[in-house]
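Participant: with the sequence up front, the predicted model follows.
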Amino acid sequence: ETKIAIINAENKDMLIREAADVIKKGGIVAFPTETVYGLGADALNAEAVEKIFIAKGRPQDNPLIIHIADISELKKYTKNVPEIAERIMDKFWPGPLTIILEKNDCIPNVTSANLNTVGVRMPSNEIARKLIRKSGTPIAAPSANISGRPSPTDVERCVEDLNGKVDYILGEKKCDVGVESTIIDCSVYPPCILRPGGVTLEDLREIDEKIYIDPVILDKPKEDMKPKAPGMKYRHYAPKAKVIIIRGNLQKTIEKINDLMVHYIIEGKNVGVMATDETKSEYNSENVISVGKRSNLGTVAQNLFETLRAFDDKGVDIILCESFEESGVGVAVMNRLKKSAGFNIIDI
Ligand code: TXA
Ligand code: MG
């Protein structure tokens, strides 16, 4: 039985206390963060953490990240923290950034999937931080979706995926960032970005110009190449429909999408188009959804996963997607989009 509780101004502290009690007793709780909703358990309780893997259908070799509420907590769970990690934390915490560090023995092997490192994040979402504090323990939390599906950015999508599978769903507003945190590995030098997110490469290079993105995640993975973050190797963020990205000059993209739309409709397919505020009027279809503004890619990041899920609600067979420039948060947007498309890209 899952308790679903939606926060408002009056019940906030009561519900956070209730959810924290569930965590303390070894239960699992879906909760809001500024990136996506997380599915949390006491990171130090191996049995509780195992429940997360079962509820999500997550492969056991995919480590979880832990969430803390105060930087001072970090020393308890990690060791040999390099000075550059401290500078990164000072600048970007609390916020959408996970730092990989050498782990202490108190982190159980199920949490870190037997690695000698652990990812740590201090979220900026106030509910998340209060929940961690009240629980009195770091919270291990992957995104609150069934493994492989787009991450949930609002409580309705958590309920859709996890109702009946978890103890408690704590709902708040829609997530601000919309894509998962940037992951940076600081257990090596130079630090390496394992997953792009809301904190961009450009932001991080202000700390050290040598910081770089794991090249393996930028393109279709070759058989002999493994991304450094285990989770990045799985098919991910995938709606039920087949996703095709059209990449190149915007005007030509629009023409190509209109051609493909006709082509697939003749084949009897139900076709969706992922457009933007600037381009949506260029398509003559009832299944056009704008994912956000080209002039503000943050809005695209915020709506991306919800838009993919909305196409599934419409029951489309194929989603034709415009592409975005790979700089700033556009790197994270295109990373998620390419994965959801299984790297199915038409270059024009
Ligand atoms: O924004 C976020 O990070 C969200 C919210 C809930 O905080 N959480 C999240 O967790 O996205 P998850 O489990 O969906 O993604 C964590 C990623 C996985 O790809 C995992 O393989 C990688 O982090 N990871 C975790 N620990 C790692 C480690 N020690 N070394 C390398 N990669 C690691
Ligand atoms: Mg995830």
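Facilitator: That came through, no problem. Numbers count the residues shown, from 1 in each chain. Ligands and ions are numbered 1, 2, ... in the order given.
Participant: can you pull the contacts of the residue of the stretch 151-300 of the chain found nearest ligand 1?
Facilitator: Relative to ligand 1, the nearest point of the stretch 151-300 of the chain is residue 231 (2.1 Å; Cβ to the nearest ligand atom). No exception for glycine: its C-beta is placed from N, CA and C like everyone else's. For residue 231, the set of contacting residues under the criterion of Cβ atoms under 8 Å, 6 or more residues apart in numbering consists of 62-63, 195.
Participant: may I see those residues arranged in CSV, with secondary structure as well?
Facilitator: Rendered in CSV, the data for the contacts of residue 231 read as follows (DSSP: H, G, I helix; E, B strand; the rest coil):
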residue, secondary structure
62, coil
63, coil
195, strand
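Participant: closest to residue 16 among those residues?
Facilitator: Residue 16 lies nearest to residue 63 out of the contacts of residue 231, by Cβ to Cβ, at 26.6 Å.
Participant: who does residue 42 form a beta bridge with?
Facilitator: According to DSSP bridges, the partner residues bridging residue 42 are residue 139.
Participant: can you tell me the SS state at the spatially most central residue of the chain?
Facilitator: Centroid-nearest residue in the chain: residue 180, 2.7 Å away (criterion: Cα atoms, centre = their mean). Using three-state DSSP, the three-state assignment for residue 180 comes out as coil.
Participant: I'd guessed it sits against residue 196; true?
Facilitator: No. In terms of Cβ atoms under 8 Å, residue 180 does not count as a neighbour of residue 196; the distance is 9.5 Å.
Participant: ligand 2 contacts on this protein?
Facilitator: Taking Cβ under 5 Å from the ion as the test, the list of the chain residues beside ligand 2 reads 142-143.
Participant: where does the prediction get shaky in the chain?
Facilitator: Judged by pLDDT under 70, the chain has its weakly predicted residues at 234-235.
Participant: all helices for it, in order.
Facilitator: Chain-ordered helices for the chain, with DSSP state H as the definition, fall at 12-24, 46-56, 74-77, 83-92, 109-112, 126-135, 155-162, 201-205, 250-266, 297-314, 330-340.
Participant: and the residue sitting furthest away from the middle of the chain, how close does it get to ligand 2?
Facilitator: Residue distances from the centre of the chain (Cα atoms, centre = their mean) peak at residue 266, which lies 35.7 Å from the mean C-alpha position. Residue 266 sits 37 Å away from ligand 2, going by Cβ to the ion, to the nearest Å.
Participant: intersect the contacts of residue 231 with the contacts of ligand 1.
Facilitator: When Cβ under 6 Å from any ligand atom is taken as the criterion, the members of these that contact ligand 1 are 62-63.
Participant: report the closest residue of the stretch 201-348 of the chain relative to ligand 2.
Facilitator: With distances taken as Cβ to the ion, the stretch 201-348 of the chain approaches ligand 2 most closely at residue 231, which sits 6.3 Å away.
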